[in-house]
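Peer 1: structure, please.
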Amino acid sequence: KGRLSIQTNPMYYRNCEAIVAQARHFNTLAPNMQVKMPVTQAGVQAIEESTYHGVNVNATVSFTVPQAVAVAEAVERGLNRRAAEGKDVSNMRPVCTIMIGRTDDWVKVAVAKQGIDINPDYLNWAGIAVFKNAYRIWQERGYRVRLLAAAYRHLGHWSELIGGDVVLTIPYEWQLKVNGSDIPVVERMQNPVDAQIVDEMYAKIPDFRRAYDPDGMAVAEFDSYGATVRTLRTFIAAVHDLNGVIRDFMLPNPDVK
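Peer 2: The predicted structure is shown next:
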């Protein structure tokens, strides 16, 4: 049986207690729940606490190596606390998402805003470079949370990760593109991104450095990272839109036939 992901209210991104309470409730809905919560400062705390309480987390609103490492360390703390108390961890399958397409999106916005002169084709490798650097760290440190790639923008976001012990959530439209492509299905996860591409982005784009280096940001900086702000704004707007739809059912417009 696969996992069913369900998202905590993105409006709680600064409230650890509210995230944990909702996550624990969602975890009671079925035996195969995977609860999504944002990798903000409060979210990192919530990930540890939720893991401790037996919730399989899916860390989301995550775009960078420092966010992924913070998630992995939080999950390890939560799992170790459970194990120390004799609680079962055998069914724990936590994942940490890196929204690689949104990493690309933000790097492109940052380049445009700051007037940085760089080959625009390089920017399509930003998320892949971040993900592969995180994966290298995972192999070195043996974290128990699995990396997950999401937010596809081009087929390289699939093909460059083939062969890795990772999760790919591929939407239907992208499944069609993958199946219709002539890209050979061969192992590429261990192939590093061209050093010239990584080095030039690292030298010229501060927000790529922040995303690529495991120490590129402190946890307190996660909430203000551009990709985080952009994504939270989108997710919170969607909550308001959904509330509006529900409100129209509860209070139909009396002026309309």
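
Peer 1: residues near Asn91, how many?
Peer 2: For Asn91, the tally of surrounding residues (other CB atoms under 10 Å) stands at 9. From N, CA and C alone the C-beta is placed, and that goes for glycine too.

Peer 1: er, Val245 I mean
Peer 2: Neighbours of Val245 under the rule other CB under 10 Å: 9.

Peer 1: Tyr13 now?
Peer 2: Count around Tyr13 with other CB under 10 Å applied: 25.

Peer 1: correct me if wrong: it contacts Gly43.
Peer 2: Yes - using CB atoms under 8 Å, Tyr13 makes contact with Gly43 at a distance of 6.4 Å.

Peer 1: shared neighbours, these two?
Peer 2: Common neighbours of Tyr13 and Gly43, using CB atoms under 8 Å, 6 or more residues apart in numbering, are 19, 61.

Peer 1: averaged pLDDT, stretch 135-155. What do you get?
Peer 2: For stretch 135-155, mean pLDDT is 98.

Peer 1: what are the buried residues along it?
Peer 2: For stretch 135-155, the neighbour count (16 or more other CB atoms under 10 Å) marks 135, 137-138, 143, 145, 147-153 as buried.

Peer 1: and those, which two are furthest apart?
Peer 2: Pairwise distances across those peak at 26.1 Å for Tyr143 and Arg153 (criterion: CB to CB).

Peer 1: where along this protein do the helices fall?
Peer 2: For the chain, the helices defined by DSSP state H cover 16-26, 41-52, 65-84, 100-114, 126-141, 156-159, 172-180, 195-204, 206-212, 226-250.

Peer 1: return the most buried member of those helices.
Peer 2: Most buried of those by mean neighbour count (mean count of other CB atoms under 10 Å) is helix 41-52; its value is a mean of 24.

Peer 1: elements contacting that helix?
Peer 2: Helix 41-52 sits against helix 16-26, strand 33-38, strand 57-60, helix 65-84, with contacts defined as 3 or more CB pairs under 8 Å, 6 or more residues apart in numbering; DSSP states H and E.

Peer 1: pipe those into TSV and attach distance to Val245 and mean pLDDT per row.
Peer 2: Output for the helices and strands packed on helix 41-52, formatted as TSV (distance: least, CB to CB, whole Å; pLDDT from 0 to 100):
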stretch	distance to Val245	mean pLDDT
helix 16-26	20	99
strand 33-38	21	98
strand 57-60	23	98
helix 65-84	31	99
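
Peer 1: would JSON lines of these with distance to Phe249 be doable?
Peer 2: Formatted as JSON lines, the helices and strands packed on helix 41-52 follow (distance: least, CB to CB, whole Å):
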{"stretch": "helix 16-26", "distance to Phe249": "23"}
{"stretch": "strand 33-38", "distance to Phe249": "25"}
{"stretch": "strand 57-60", "distance to Phe249": "28"}
{"stretch": "helix 65-84", "distance to Phe249": "37"}
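
Peer 1: go through the ones you listed and name the closest to Gly226.
Peer 2: helix 65-84 (12.9 Å).

Peer 1: what's the angle from that closest one to helix 41-52?
Peer 2: Here helix 65-84 runs at an angle of 30 degrees relative to helix 41-52 (axes from the mean of the first three to the mean of the last three CA atoms, to 10 degrees).

Peer 1: what angle sits between helix 65-84 and strand 33-38?
Peer 2: Angle of helix 65-84 versus strand 33-38, following the same axes, to 10 degrees, is 140 degrees.

Peer 1: of all the buried residues of stretch 135-155, which comes closest to Val95?
Peer 2: Using CB to CB, the shortest approach to Val95 within these belongs to Leu148, at 4.5 Å.

Peer 1: name the residues that touch stretch 205-218?
Peer 2: Residues external to stretch 205-218 that are found in contact with it (CB under 8 Å, 6+ apart): 63-67, 69, 103, 106-107, 110-111, 116, 118, 126, 129-130, 133, 137, 198, 201-202, 221, 225-227.
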